[in-house]
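Got a predicted model here, sequence first, then my questions.
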Amino acid sequence: MDKLAYHYNKKKLPAKTDGKYLYYYPCDDIENATAYMGGRGFVTIEVTEKEWEALIELDRIEYNNHHKYLRHTVAIPDCEEDNLTVKQKEQLHVKDTPIDTATAEYFDKQALHSQLTSEEEKVLVMLENGYTQKDIAKKLKVTQSYVSMLKTRAQYNYDYLERTSALKTNSPEYLWKCWDIFSRKLEMPMFLDVELEYVIGHIHPSDIAHFLYWYYSLGEFVRFTIQYYLYNQDAIKKEKAEYLSKASEPELKWFNENYADELPLVQIVYIRLIDEVENRKNRGLHGSTKAVDGLYTAIEKLANRVHISPEEYFIKRIYPIIVNIRTRCIKQCYRFYTGKKLKKLNYF
């Protein structure tokens, strides 16, 4: 059972035929594929509502069985519910979260924790249980700066292991986690936000405007961009060659003028975003200015409260905050990969 197809099939997308719906199946032979998602090929069929209900139920059972298999093959730690964190206990008892999903996520996390050093794991577990760095330092009889160093190292190791695991399985859940953290903190695990900022910054402004017209929110555009940047990197050469072989003269000229000298990952993100727009057009969907209008409306409401224009509010209030956060993230990324401090950044 393919995870990406399963999550698309749950959306119950309407087919061209009235009263029927699209159902996606992974296709190993990309030449015979009728749809492309996340850089991969799928065959689509049209099904009735009753057929859709039967198929999605079978996929749901297989999806849950996959989680059950993981739970039964991963060593279960010797602990009771009393030893779980408050957050884990809440998740286990929330009606909206199925018990099998909650426990699967718990054991997946335990598997990642087991690959950390004992000190790193101890610090992460105590932080999850609500201890402050000062409390942990006192309990472990070390300095607070040492705890801070352990926390940073443990988090990087954990994030690296989680990202590696997600890349192997093309996990859609990982994308939602990255987006959730980004929406709250304007940063992502393992400096993915810095990488993504570079990629989006090298896509032509006219193309960004075009994509935002077809993606119904800024969040949706960013999530698709993360997916196309992270997954299926082994198919980059093949997808690029296929796109260039089918591109019209104007499309080929535009690509050569604006993307020929860019990194392969920038090129493939552009190509995959273009393909997704074409897929939406073929499914009979329509573009919208909702993404841009929604962002402007939100800023306009905030600006009205302090009696200034939206443009002034962005320049004086929002932009400085974004710059400070982005500067910190970029400096941390540079230091992590080079071991040196990045002294100055120019945003103007």
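Done, it's in.

contacts and neighbour counts: CA atoms only from here.
Fine.

element containing residue 250, please.
Assigned by DSSP states H and E, residue 250 falls within helix 249-258.

try residue 192
Counting by DSSP H and E, residue 192 is part of helix 192-201.

Who are the packing partners of whichever helix or strand comes after that helix?
Scanning forward in sequence from helix 192-201 by DSSP H and E, the next helix or strand is helix 205-214. Packed against helix 205-214 by the contact rule (3 or more CA pairs under 8 Å, 6 or more residues apart in numbering; DSSP states H and E) you find helix 218-230, helix 264-282, helix 290-305.

Look up how far residue 134 lies from the residue located most distally from the centre of the chain.
Computed with CA atoms, centre = their mean, the residue of the chain farthest from its C-alpha average is residue 141, at 38.4 Å. Separation of residue 141 from residue 134 (CA to CA, to the nearest Å): 10 Å.

average model confidence for the helix holding residue 250?
Helix 249-258 comes out with an average pLDDT of 96.

Residue 160 and residue 190 touch, don't they?
Yes - at 6.5 Å, residue 160 and residue 190 qualify as touching, with contact defined as CA atoms under 8 Å.

As TSV, the helices and strands packed on helix 205-214 with distance to residue 56 and mean neighbour count would be great.
As requested, the helices and strands packed on helix 205-214 are exported to TSV (distance: least, CA to CA, whole Å; neighbours: other CA atoms under 10 Å):
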stretch	distance to residue 56	mean neighbour count
helix 218-230	23	19
helix 264-282	22	19
helix 290-305	30	14
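
measure the nearest residue to residue 289 once chain neighbours are set aside to residue 270 for me?
Leaving out its chain neighbours, the residue that sits closest to residue 289 by CA to CA, 6 or more residues apart in numbering is residue 213, at 5.4 Å. Applying CA to CA, the value for residue 213 to residue 270 is 15 Å.

Dihedrals phi and psi, residue 41?
The phi and psi values for residue 41, taken as degrees, to the nearest 10, are phi -100, psi 140.

can you pull up the bridge partners for it?
For residue 41, the beta-bridge partners are residue 36 (DSSP bridges).

per-domain residue ranges of this structure.
Residue ranges for the domains of the chain, per automatic domain parsing: 1-73, 183-338.

Lowest average pLDDT across these?
Note on those: lowest mean pLDDT is at domain 1-73, with a mean of 73.

now residue 198: how far from residue 265?
10 Å.

Can you give me the neighbour number for the closest residue to residue 221 other than its chain neighbours?
Computed as CA to CA, 6+ apart, the closest residue to residue 221 that is not its neighbour in sequence is residue 215, at 5.6 Å. Close neighbours of residue 215, defined as other CA atoms under 10 Å, add up to 25.

From what I see, residue 215 and residue 291 are in contact.
Yes - here residue 215 reaches residue 291: they are 7.1 Å apart, a contact under CA under 8 Å.
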